[in-house]
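> Sequence plus the predicted model coming up.
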Amino acid sequence: MYAVQTSAWMKERLDTTRIARLECFRFDREASGQLPPGYDSGDCRGMLIVSTADGESGVGVFHEMRLKGDFVQWACAFQRIKGLTLCDALQTTLLKHEAWGDERTAAVMTAIRALIRPPGDESDARTSLADCFRDSSYCFRHAEAYIIF
C-alpha cells in the first residue's frame, strides 16, 4: 500500500511542481573542501540549487575541471528548465544531454531527483549536501561566480 501511495505522490509531484528558481555557485578551493564524502570534494567546484515555488530545494554539484569557457555561458543552459514541471525538466535534461554534456546533465538530474524523493526518505541526498552550504553568507563569501535565474 505504501508503494502505491508513494508512486501516486511522486507522479502528482512530477506533474504539478514547477521549478521557480535556479542558482549556480562556482566556489573557490576552500569551499569545495566542505562537501561530504562521496561528492568528490577534491574536484567539486560548484553547486546548482533547483528551487520550487513552495520553497523546497534540490542540490547538484559540478566539477571545474570539466568546465570550458565562460561560466555564465555554461550556466545559461539551465534557463531552459525554469518554469517547467519536474517531469518536463527531466525530459528536457535528457533530450539536451548531448548538447549540455555529462556535467550539466548530472548536476540537474541530481537536483531534481532530490526534489522528487518521498517525504521521510532516509536516502535523502538533499539534506547532507545542502547542510554543507546552509550558511548562505559562507556560499557568497567563497563564490567565485554566482548566477540566479
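Thanks, I have it.
> What are the buried residues along the longest helix that the chain contains?
With DSSP state H setting the assignment, residue counts place helix 97-116 as the longest helix in the chain. Judged by neighbour count (16 or more other C-beta atoms under 10 Å), helix 97-116 contains these buried residues: 100, 103-112, 114-116. Any C-beta I mention is one placed from the backbone N, CA and C, and that applies to glycine too.
> State the paired neighbours of whichever strand or helix holds G58 in the sheet, together with their directions.
Here G58 sits within strand 57-63, counting by DSSP states H and E. Within its sheet, and counting by DSSP bridges, strand 57-63 is paired with strand 44-52 (antiparallel).
> Looking at A107 now. What's its pLDDT?
Predicted confidence (pLDDT) at A107: the value is 91.
> Is it in contact with V50, as I believe?
No - contact between A107 and V50 fails when scored by C-beta atoms under 8 Å: they sit 9.1 Å apart.
> Need the residues touching each of the two.
Contact criterion C-beta atoms under 8 Å, 6 or more residues apart in numbering; residues bridging A107 and V50 by contacting each: G60.
> Would you map the helices across this structure?
For the chain, helices defined by DSSP H occupy the ranges 2-16, 29-32, 71-75, 86-95, 97-116, 125-132, 136-141.
> can you list the residues that contact the fifth one?
So that's helix 97-116. Residues from elsewhere that reach helix 97-116 (C-beta under 8 Å, 6+ apart): 10, 13-14, 17, 46, 48-50, 52, 56-63, 66-67, 74, 77-78, 81, 86, 89-90, 93-94, 96, 124-126, 129.
> quick one, what contacts the residue nearest to Q79 when sequence neighbours are not counted?
Closest residue to Q79 apart from its sequence neighbours, by C-beta to C-beta, 6 or more residues apart in numbering: F149 at 5.1 Å. Applying C-beta under 8 Å, 6+ apart, one finds that F149 lies in contact with 21-23, 78-79, 82.
> now swap in L84 and tell me
L84 neighbours (C-beta under 8 Å, 6+ apart): 18-19, 92.
> from these, which would you call buried?
In those, burial by neighbour count holds for I19, counting by 16+ other C-beta under 10 Å.
> In ChimeraX, how would I select the buried members of the contacts of helix 97-116?
If you want just the buried ones from the contacts of helix 97-116 in ChimeraX, going by 16+ other C-beta under 10 Å, the selection is:
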select :13,14,17,46,48,49,50,52,58,59,60,61,62,63,67,74,77,78,81,86,89,90,93,96,125,126,129
